[in-house]
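[1] How does the following fold in three dimensions:
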Amino acid sequence: MDIATKAKEEIESRLKSIEHFIEEKGLGSSYLTKARRTQRNVNLAIAVGTLITAAGISIWLFSNSRKD
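    This next block holds a predicted model:
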């Protein structure tokens with residue numbers, strides 16, 4: 001491995017660790033955590049709503065097909 005590539009990888013590694021530290025401990029980290037939690041909850045609510053809607057439509061279609 002040549003020196004330039006090795007140096008580049010080392011710098012990128014250090015930058016990633018600094019970015020991670022700032023993300024966890026820096027200004028706004030609590031807001032970021034809350035935003036992630038909120039986004040997760042919204043995604044779960046959408047998924048559950050979609051499943052309930054699909055089940056309701058399928059039950060409705062099956063019940064209508066049996067009446068005919």
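[2] tell me, what residue is most central in this protein?
    Arg40 (6.1 Å; Cα atoms, centre = their mean).
[3] Show the model's pLDDT score for it.
    If you check Arg40, the pLDDT there is 97.
[4] Can you show me the helices along this structure?
    Assigned by DSSP state H, the chain shows helices spanning 3-25, 29-67.
[5] What residues of stretch 9-24 count as buried?
    Within stretch 9-24, no residue qualifies as buried by neighbour count (16 or more other Cβ atoms under 10 Å). Yep, even glycine has a C-beta here, placed from its N, CA and C like the rest.
[6] pLDDT (mean, whole number) over that stretch?
    pLDDT averaged over stretch 9-24 gives 90.
[7] which residues are contacting it?
    The contact list for stretch 9-24, computed with Cβ atoms under 8 Å, 6 or more residues apart in numbering, reads 29, 32.
[8] and that stretch, how far out from the chain's middle?
    21 Å (Cα atoms, centre = their mean, to the nearest Å).
[9] and Arg66, what is it in contact with?
    Neighbours of Arg66 in contact, by Cβ under 8 Å, 6+ apart: none.
[10] Do you know the pLDDT at Met1?
    65.
[11] try Ser63
    pLDDT for Ser63: 89.
[12] And for it, the neighbour number?
    For Ser63, the neighbour count with other Cβ atoms under 10 Å is 9.
[13] ok, now Ser29?
    That count, for Ser29 with other Cβ under 10 Å as the rule, works out to 13.
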